[in-house]
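This is a predicted model, with the sequence first.
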Amino acid sequence: MTVPTTEANAFDHRSLHERIAADLRDETMSGDLGPGAKLPSTVQLKARFDASNATVQKALQLLKDERLVIGRAGAAVTVREHRQRTALNLPEGGTALLRRQVLMLDDEPAELVTSYYPVDIARGTAMMDRRKIKGGTPTLLAELGYPPRLSVDRISARVPTQEQYAALQLPSDLPVLRTLRVVYSDHDRAIEATVMVKAGHLYELQYEFTPE
């Protein structure tokens, strides 16, 4: 999702090429643009971000310098090989249901939560409705025959996208904490993938475990 430039500018004071790079960086690191995939053309990026050719090229150069993409003048820019994988392991052409919300704390935005569910599981259930699920999705998934058995978290610090910057009302170019949580059911079936994003300077993550 791209936040309109006028809306993003209300909070995001980074230069336009930095904001463009932030959005494209998130798409490559999140797997929306997989290894070997071509980035949108310069013409498409100019239209998407309402930017000049020079600004788009400056944004792409940032990603090249970070070794996230490769390309040369006059050729398509492609995503380099990286370790991200499709969290739900959907088959070719498979689709997922998207649910998202902004969690508030003391009337301020605290966390962006975006969850994905295989459509063959979610179809015809309360997950398709635009409201909270009674008992939460773990309860519903268990009732559907997909009890959560294992959750795996992958945590990273990221440069915020324009949407994240605006929605979380970040005060400056601070990193966000991004947690990708994949929930598995029986037979290692991935039944939920959730991305949680919060301001990195305000929160820390705590994990407890008992050594065996």
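Alright, I've got the coordinates. Numbers count the residues shown, from 1 in each chain.

doesn't residue 172 make contact with residue 199?
No. Taking contacts as Cβ atoms under 8 Å, residue 199 lies outside contact range of residue 172: 10.6 Å. C-beta here means a position set from N, CA and C on the backbone, and glycine is covered the same way.

And the two? Which one has more around it.
residue 199 (20 against 9; other Cβ atoms under 10 Å).

got the contact list for the nearest residue to the more buried one once chain neighbours are set aside?
Counting by Cβ to Cβ, 6 or more residues apart in numbering, residue 199 lies nearest to residue 168, which is 5.5 Å off, once chain neighbours are set aside. Contact partners of residue 168, counting by Cβ atoms under 8 Å, 6 or more residues apart in numbering, are 109-110, 112, 160, 176, 197-199.

Pull the most distant pair out of the residues you listed.
110 and 160 (14.3 Å; Cβ to Cβ).

Compare the two (neighbour count), which wins?
residue 160 (26 against 15).

ok, the more buried one - contacts?
22, 168, 170, 173-176, 197.

Which pLDDT value goes with it?
If you check residue 160, the pLDDT there is 94.

what does the one 4 residues further on give?
For residue 164, the pLDDT comes out at 93.

pretty sure it contacts residue 177?
No. Assessed by Cβ under 8 Å, residue 164 is found out of contact with residue 177, at 10.8 Å.

Now the common contact residues for those two.
Common neighbours of residue 164 and residue 177 (Cβ under 8 Å, 6+ apart) are residue 197.

Can you pick out the residue with more neighbours from those two?
Taking other Cβ under 10 Å, residue 164 and residue 177 do not tie; residue 164 has more neighbours (23 against 19).

For that one, give its distance to residue 129.
Separation of residue 164 from residue 129 (Cβ to Cβ, to the nearest Å) stands at 26 Å.

Residue 49 now?
Taken as Cβ to Cβ, the span from residue 49 to residue 129 is 33 Å.

In terms of neighbours, single out the busier of those two.
Between residue 49 and residue 129, residue 49 has the larger neighbour count (other Cβ under 10 Å), namely 22 against 9.

follow-up on the earlier one: quick check: the residue nearest to residue 199 vs residue 26, distance?
For residue 168, the distance to residue 26 - Cβ to Cβ - is 14 Å.

Give me the distance between residue 113 and residue 176.
From residue 113 to residue 176 the distance is 13 Å (Cβ to Cβ).

and if you look at residue 72?
For residue 72 relative to residue 176 (Cβ to Cβ), the value is 32 Å.

same question, residue 147
Distance check for residue 147 against residue 176: by Cβ to Cβ, it reads 31 Å.

which one of these two has more residues nearby?
Higher neighbour count among residue 147 and residue 176: residue 176, with 25 against 13, using other Cβ under 10 Å.

wait, what's in contact with that one?
With the criterion set at Cβ under 8 Å, 6+ apart, residue 176 makes contact with 157-160, 164, 168, 170, 197-200.

Who does it form a beta bridge with?
residue 158, residue 199 (DSSP bridges).
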